[in-house]
Structure formats: structure tokens, C-alpha cells
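>>> With the sequence up front, the predicted model follows.
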Amino acid sequence: MTSDHLLSLIRSRILYFQISKNGSSFNYKSNLIMIIKYFLLLPHLKENLLELYKEEFLEDDMSKTKAAEALLVASDDERDKKIYQAGFIPGWIGEGGLKPEPIHEFNACSWNWDKGKELLEAAARSIDPRVAERRNIRMANTANEKRTSLNTIHTSYQMVAPGEFARAHRHTINAGRLILESSGAFTTLDGEKVYMEPNDIILTPNWVWHGLGNDNEVSGAFWIDFLDDPLVSSLKTIFFEVRDEDYETMETNHNSPYHIKWRDLDKKLGTLAPGVDESYGCRIKLDTPSIPSMDLFMERLDNKMKTRAIKSTANHIFVCVEGSGSTQVEDVSFSWERGDVVAVPSWKSFFHHASSKSSLLEITDQPLMEMLGWYRSSKIISEG
Ligand SMILES: [Fe+2]
């Protein structure tokens, strides 16, 4: 056995010795005995062994002592000050740590369509979409300094004035619109015109060109935009481009895959039996693979129907398409009529109560939560 080999054995024994110091007393003792044995066997390696000991123990202990000295401070304030000065933040100060359940930054809130229309008509007198890009009013959450409706989904009311065209643009944001009033309004979608009727839904997925026009020379067109822009914005993945289009010579597409017609939905809802699950009325999941960050449902509630309360990690926007009623979110009730919008943040229980036969468009980020393994839900039996 060479000296190098023996030194290597001693080094590994010392390592085991260090580990076994925190382990069982048997390992600790046996490793200590082995090291002493090597010392006795190799008196001529004494110098080398002393160097090894210094390297393995003394220098390590000295550096630990040095580090410990640097943390000696006169007070807690001084300790924290030193941590800030070194470019860290003390983990024990302010928000932080894991909570047993999600906490809310956004409030449940609602917006009224009559008021929204009045404000947009006033804005039409002075806001030109050639300057402002789009004439819309944002449904900003009531939580402090929020500009979006919820954490991942945003909604706005928008208007295109009679005879107006808002130029085409495209963006990485997925969006859609539920039409409230239109008689001759259209969206251009990748160079084709798609005319929109009330309660129709138009999708404008990631990077699809879309412009907005209104052939009607008397009446404005109005709708609700829904977008995943809070999500795309927080991920810093927004791209945006504009272009001019000759919309007057464009072909009309009567069967665009991005056009969900109300007349088809209405017919389908009329043939469905109420769901067995009392959490919902008659509910249709819309076929929207082009906007993977959001799922859309159209739900019909019979007169006086009350759904069972549900709570989930998904965010929800509800738009009243027809009828009237209210949505109870925890202890607050939001009444709605056609065109009104209710935002329900994640992990807040809610249920609907229709005061007449009603239809609600539901927009939810549930597919995102499911894809990432974060979807959880519970039915709140006592409130339903
Ligand atoms: Fe857009």
C-alpha cells in the first residue's frame, strides 16, 4: 500500500468521522479508532497527517469562526440593516412565508352596462380611435391601484362610433368580445370581414390581425372585451403591431372559426336538460382551442334558479347576456342585468340566483390552473 493510497484512506475516514459526529456513537467511535490506527501504522507520515488535519479541521473551523464573527451585531435593527446593506431582504420582515390557503389581492366587484354605455357615448365626442387605438373603458378592480379586472383576466366596454373604423392590430394577448349592440358592425380577422350580431362572441387569439368597423351611419356598436393581458403582461411576453387595411374591399367570411354565433348557442341551450350537478344550470362549454388561457361557458338559468355555491382556484368573469339576477360572492351580492359584468377572484365562494330566465357568459382561467396542477375546487353545501 503506497503512502498516497493510505493518505486517501485517511482522508475518507476523516470525512466519515465528520459525518458520524452528528450520527450514531458507534460510527463515531469506529471512525475515530480507524484514524488512530492509521497514525500508529504510519509514523513517517506524521507531517502529512498534521497538514491533512489542519486542512480538514482547523481551516474549516477558522472560516466558520470568521463568518460567525461577521454576524455579531449589537441589536436586531443593526442585524437587519446589515442584511439590507448586503443586498438581501430579511425573510422575517413584511410579506412572505407560506400561507395555508391563497390570499386575495383582488376584490369581487361588478360593473354596470347602462353606466358604461353612457360614459362611452360621452367619450365618443372627444376620443378618436385614430389617436387612442381603441375607445374603451377598463373595468378596473376596486382593490388599490389595480388597472385590471382580475389577476389573469381583464374586461373592458368598447365602442365603435357610426361609420368608424379602428385600424387593425395584432398582439400576443388572447382576446374575445361579447357583442352588446351592433347593427352592421364587423371585426376584420386576418384580412376577412366578420359581421357581428348582438350576443355573438368573436375571438381574436394570439397574433391574429383584427380591426373594428361599423357600417351603420347612425348607431354605434358596443361590446365587452375580455383578454388575458394581465397574465401576458406579468410574464413580459407582450408583442404588438399595427397595419393599415383596406376593409372596404375585403371579403366577408360567414363561417369564421373565430365567430361563435348567438343563434347557434341559443338553439343549443334550448335543447339541453338542466344539469344533474346543481352547481350549474344548462351549461355549454364553447369550442375555443385558439385561446388556451381561457375557457368560455354559456350557462342558462331558469327563473328563480339558485346554483350551489362553489369555490375554486380559478378566476371567473360573468357577463349577463340576458335576464336578471344576482351573484353572491362570499357575503356580498352583486345584482346584474343584460351587459353587466361580475368579477369573482379565485378562492372566493360564489353562487348565482336568477330572478328571471337568464343566460350568463362565464370566462375563466381554469384551463391554466388545471394545466399547471393548481386547480382545486370545493362545493359549499351550506350556502347553495
Ligand atoms: Fe386588440
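Sure, I can see it. Numbering: from 1, shown residues only.
>>> Any stretches of this structure with poor pLDDT?
Within the chain, the set of residues satisfying pLDDT under 70 comprises 1-70, 96, 274-276, 380-384.
>>> again, 50 this time
For the chain, the stretches with pLDDT under 50 are 25, 381-384.
>>> Just want the most central residue of it.
Of all residues in the chain, the one closest to the mean position by Cα atoms, centre = their mean is residue 152, 3.6 Å from it.
>>> I figured it hits residue 314, correct?
No: contact between residue 152 and residue 314 fails when scored by Cβ atoms under 8 Å: they sit 9.1 Å apart. For the C-beta atoms, the positions are set from N, CA and C on the backbone; glycine is no exception.
>>> got any residues that touch both of these two?
Residues touching both residue 152 and residue 314 by Cβ atoms under 8 Å, 6 or more residues apart in numbering: residue 365.
>>> quick one: residue 78 is in a strand?
No: Residue 78 is assigned helix when assessed by DSSP: H, G, I helix; E, B strand; the rest coil, not a strand.
>>> Please work out how many residues are found near it.
11 (other Cβ atoms under 10 Å).
>>> and the gap between it and residue 86?
13 Å (Cβ to Cβ, to the nearest Å).
>>> Distance of the residue nearest to residue 89 when sequence neighbours are not counted relative to residue 171?
Closest residue to residue 89 apart from its sequence neighbours, by Cβ to Cβ, 6 or more residues apart in numbering: residue 83 at 7.2 Å. According to Cβ to Cβ, residue 83 and residue 171 sit 41 Å apart.
>>> which residues of the stretch 1-150 of the chain fall in helices?
3-21, 25-41, 46-53, 59-70, 76-85, 113-124, 129-132 (DSSP state H, counting those that start in this stretch).
>>> quick one, what contacts residue 147?
Contacts of residue 147 by Cβ under 8 Å, 6+ apart are 138, 140.
>>> if we go to 10 Å?
138, 139, 140, 141, 154, 229, 230, 233 (Cβ atoms under 10 Å, 6 or more residues apart in numbering).
>>> now the residues you listed as TSV including neighbour count?
Formatted as TSV, these follow (neighbours: other Cβ atoms under 10 Å):
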residue	neighbour count
138	16
139	23
140	16
141	22
154	26
229	21
230	22
233	15
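>>> from the residues you listed, which is closest to residue 164?
Looking at these and their distance to residue 164, the nearest is residue 138, at 19.9 Å (Cβ to Cβ).
>>> so how many other residues sit close to residue 223?
Neighbours of residue 223 (other Cβ under 10 Å): 27.
>>> how would you label it: helix, strand or coil?
Relying on three-state DSSP, one would call residue 223 strand.
>>> show me the contacts for it.
By Cβ under 10 Å, 6+ apart, the residues touching residue 223 are 136, 156-160, 176-182, 185, 187, 196, 198, 200-202, 212, 339.
>>> From those, list just the buried residues.
Among these, those classed as buried by 16 or more other Cβ atoms under 10 Å are 136, 156-160, 176-182, 185, 187, 196, 198, 200-202, 212, 339.
>>> Determine the set of other helices and strands touching whichever strand or helix holds residue 266.
In the assignment (DSSP states H and E), residue 266 maps to helix 262-271. For helix 262-271, the packing partners by 3 or more Cβ pairs under 10 Å, 6 or more residues apart in numbering; DSSP states H and E come out as strand 282-285, strand 295-301, strand 316-322, strand 358-364.
>>> So which bits of it are buried?
262, 265, 269.
>>> Same question for stretch 235-253.
Applying 16+ other Cβ under 10 Å to stretch 235-253 flags 245, 247, 250, 253 as buried.
>>> Could you export those as TSV, including secondary structure and distance to residue 166?
Formatted as TSV, the buried residues of stretch 235-253 follow (DSSP: H, G, I helix; E, B strand; the rest coil; distance: Cβ to Cβ, whole Å):
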residue	secondary structure	distance to residue 166
245	coil	11
247	helix	10
250	coil	15
253	coil	19
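>>> Relative to residue 294, which of those is nearest.
Among these, and counting by Cβ to Cβ, the member closest to residue 294 is residue 253, at 22.7 Å.
>>> Can you name the residues that contact residue 87?
Counted by Cβ under 10 Å, 6+ apart, residue 87 has zero contacts.
>>> for residue 341, same thing?
Per Cβ under 10 Å, 6+ apart, neighbours of residue 341: 109-113, 116, 139, 149, 155-157, 178, 224, 226, 317-320, 334, 361, 363.
>>> try 7 Å this time
110, 111, 139, 155, 224, 317, 319 (Cβ atoms under 7 Å, 6 or more residues apart in numbering).
>>> same question, residue 162
Applying Cβ under 7 Å, 6+ apart, the residues contacting residue 162 are 214, 216, 217, 218, 219, 220.
>>> doesn't it fall inside a strand?
No: under three-state DSSP, residue 162 falls outside any strand and is assigned coil.
>>> How about it, nearest residue that isn't a chain neighbour?
Using Cβ to Cβ, 6+ apart, the closest residue to residue 162 is residue 217 (5.1 Å).
>>> Stretch 249-259: how far from the chain's middle?
Stretch 249-259 sits 31 Å away from the centroid of its parent chain (Cα atoms, centre = their mean, to the nearest Å).
>>> Between the two ends of that stretch, how far is it?
Stretch 249-259 has an end-to-end distance of 20 Å (Cα to Cα, to the nearest Å).
>>> Surely residue 349 and residue 307 touch.
No: in this structure, residue 349 is not within contact of residue 307 by Cβ atoms under 7 Å, at 11.4 Å.
>>> of these two, who's got more company?
residue 307 (23 against 19).
>>> who touches that one in this structure?
Here residue 307 is in contact with 278, 279, 280, 281, 351, 352 (criterion: Cβ under 7 Å, 6+ apart).
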